[in-house]
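Enquirer: My questions concern the predicted model and sequence given below.
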Amino acid sequence: MERSKLIAILTGAISVILAIAYLILVQLLDYRDMKPAPISQFDQAPAIISVFWQIDKIIEV
């Protein structure tokens, strides 16, 4: 009984430590100043790739 109680306390402590570390990490990432990319970096129009399918190859009659 003593060993299972020790393992339960240990896993609970690890869980609390991981939860606190996760909350700190989320707060640090949320605190960053997210600025949009400058317009000058978008000097080209994005390439559009389209695929045409033949209806008779999709629907077999």
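Expert: Now that the structure is in, tell me what you want to look at. Remember, predicted model here, so these are calculated numbers, not experimental data.
Enquirer: residue ranges of the helices in the protein, please?
Expert: Counting by DSSP state H, residue ranges of the helices within the chain are 2-31, 55-58.
Enquirer: can you redo these as a markdown table with mean pLDDT and mean neighbour count?
Expert: The C-beta positions use only the backbone N, C-alpha and C, and glycine is treated the same way. Shown next, in a markdown table, are the helices of the chain (pLDDT from 0 to 100; neighbours: other C-beta atoms under 10 Å):
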| stretch | mean pLDDT | mean neighbour count |
| --- | --- | --- |
| helix 2-31 | 94 | 9 |
| helix 55-58 | 56 | 7 |
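Enquirer: among those, which is nearest I39?
Expert: helix 2-31 (25.5 Å; C-beta to C-beta).
Enquirer: May I see the helices of the chain arranged in TSV, with distance to I39 as well?
Expert: Rendered in TSV, the data for the helices of the chain read as follows (distance: least, C-beta to C-beta, whole Å):
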stretch	distance to I39
helix 2-31	26
helix 55-58	41
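Enquirer: and Y31, what is it in contact with?
Expert: Y31 makes contact with no residue, according to C-beta atoms under 8 Å, 6 or more residues apart in numbering.
Enquirer: Distance check, it against G12.
Expert: Distance of Y31 to G12, given as C-beta to C-beta, to the nearest Å: 29 Å.
Enquirer: same check, this time on P36
Expert: P36 is 43 Å from G12, where distance means C-beta to C-beta.
Enquirer: One more: L29?
Expert: L29 sits 26 Å away from G12, going by C-beta to C-beta.
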